[in-house]
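Peer 1: Turn this into a model:
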Amino acid sequence: MTIRAEAPKRRWYLSTDFPAVEGSSLVQMQLPLRQGKAEWKYLFPIRGEYRMTVDAATPDGSKATKSFQISIRENERKWLLLGVFTFCLFASGVIAGRIFTGTRTTSSVNLRACLLISVYCLGFLTGNANAQEKEMANYVSRLEVDPPTVGRMSVVRWSLTGTKGERKLAARLTLTITHLEKGKSVFSMENVPVAGEFSMQFQFTDGDEYRVAAVAGLYGGETVRAEKIVSVTPVEPPVSAMIPALALFLAVTALGLGVGRWSKRSVTAL
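Peer 2: Coordinates of the predicted model:
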């Protein structure tokens, strides 16, 4: 069974935390069916609607393709933080509007200065992938990861051989990819039967360090482990992805300035 997953397409408003990931391919792999099903774990990196395509083939040559839509909601805590940040911008605008409201000439100059400061503040806010071999008494486990870059898939390869050169030693493979800074597993599959080798295409969606660990359980009861640390090359988000958010924050700040100036003049008139 071949599985392909694609990230949600880019929207024209309020980009996600990883703009370079939007609309890109995330993972492509082949897994065997066990009792008619395949299982793996994956941490979806951004909100939106994902597309997953599954191609299945039976021993008699029959083939079938099915696409699934998976909708992921944004973390409620992030919406709360966005609301608090937006309110702080508005409140700062109100305070600045009241402080800098004076004579026509002075207030005009101060207003422009305040807007420039707001723009500045918003702008401010705004691998080693060589092969690793692990050799035990009778086995050699080899793990390779192509140099990863955000926005593109990298090939992850694993193989298990005997020290005498035998190929394709049957094993049950457990593969885990962990984001080291966050301490979260972004991908894992457990006890998948393989014929001594496995490969998949996988996108590392954050420009940081990941640990890729492969544990092979041999049918004789032994286990062979290999792991490596990979550094992901980050990609700067496009300017077009930041414009909607900057425009929103500037509009909120300008609205606060207007409210502050209006409230100050109303009090002065009284």
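
Peer 1: Okay, and residue 69 sits in which element?
Peer 2: strand 63-72 (DSSP states H and E).

Peer 1: Give me the contacts around that strand.
Peer 2: 8, 44, 46-57 (C-beta atoms under 8 Å, 6 or more residues apart in numbering). In short, each C-beta sits where N, CA and C put it, glycine included.

Peer 1: I'd like the list of those that fall within strands, please.
Peer 2: 48-57 (DSSP state E).

Peer 1: Any of those buried? List them.
Peer 2: 48, 50-52, 54 (16 or more other C-beta atoms under 10 Å).

Peer 1: So which helix or strand of the protein has the lowest pLDDT on average?
Peer 2: Least confident helix or strand of the chain, by mean pLDDT, DSSP states H and E, is helix 104-125 with a mean of 49.

Peer 1: Show me the domain layout of the chain.
Peer 2: 2-74+128-231, 76-126+238-269 (automatic domain parsing).

Peer 1: In terms of mean pLDDT, which of the ones you listed ranks lowest?
Peer 2: Sorting the domains of the chain by mean pLDDT places domain 76-126+238-269 lowest, at a mean of 66.

Peer 1: Distance-wise, check residue 177 relative to residue 233.
Peer 2: Plainly put, residue 177 is 16 Å away from residue 233 if you go by C-beta to C-beta, to the nearest Å.

Peer 1: Parallel or antiparallel, which strands does the strand holding residue 69 pair with?
Peer 2: strand 48-57 (antiparallel) (DSSP bridges).

Peer 1: hmm, who's touching the partner strand?
Peer 2: 1-9, 11, 16, 22, 26, 33, 44, 63-72.

Peer 1: May I have it exported as PDB, CA atoms only?
Peer 2: Extracted in PDB, the C-alpha atoms of strand 48-57 (Å, rounded to 0.1, in the frame of the first residue of the first chain):
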ATOM      1  CA  GLY A  48      -6.200  23.300   7.400                       C
ATOM      2  CA  GLU A  49      -7.400  20.500   5.100                       C
ATOM      3  CA  TYR A  50      -4.900  17.800   4.300                       C
ATOM      4  CA  ARG A  51      -5.200  15.500   1.400                       C
ATOM      5  CA  MET A  52      -4.200  11.800   1.800                       C
ATOM      6  CA  THR A  53      -4.100   9.400  -1.200                       C
ATOM      7  CA  VAL A  54      -3.800   5.700  -0.700                       C
ATOM      8  CA  ASP A  55      -3.000   3.200  -3.600                       C
ATOM      9  CA  ALA A  56      -3.600  -0.400  -2.600                       C
ATOM     10  CA  ALA A  57      -2.800  -3.500  -4.600                       C
END
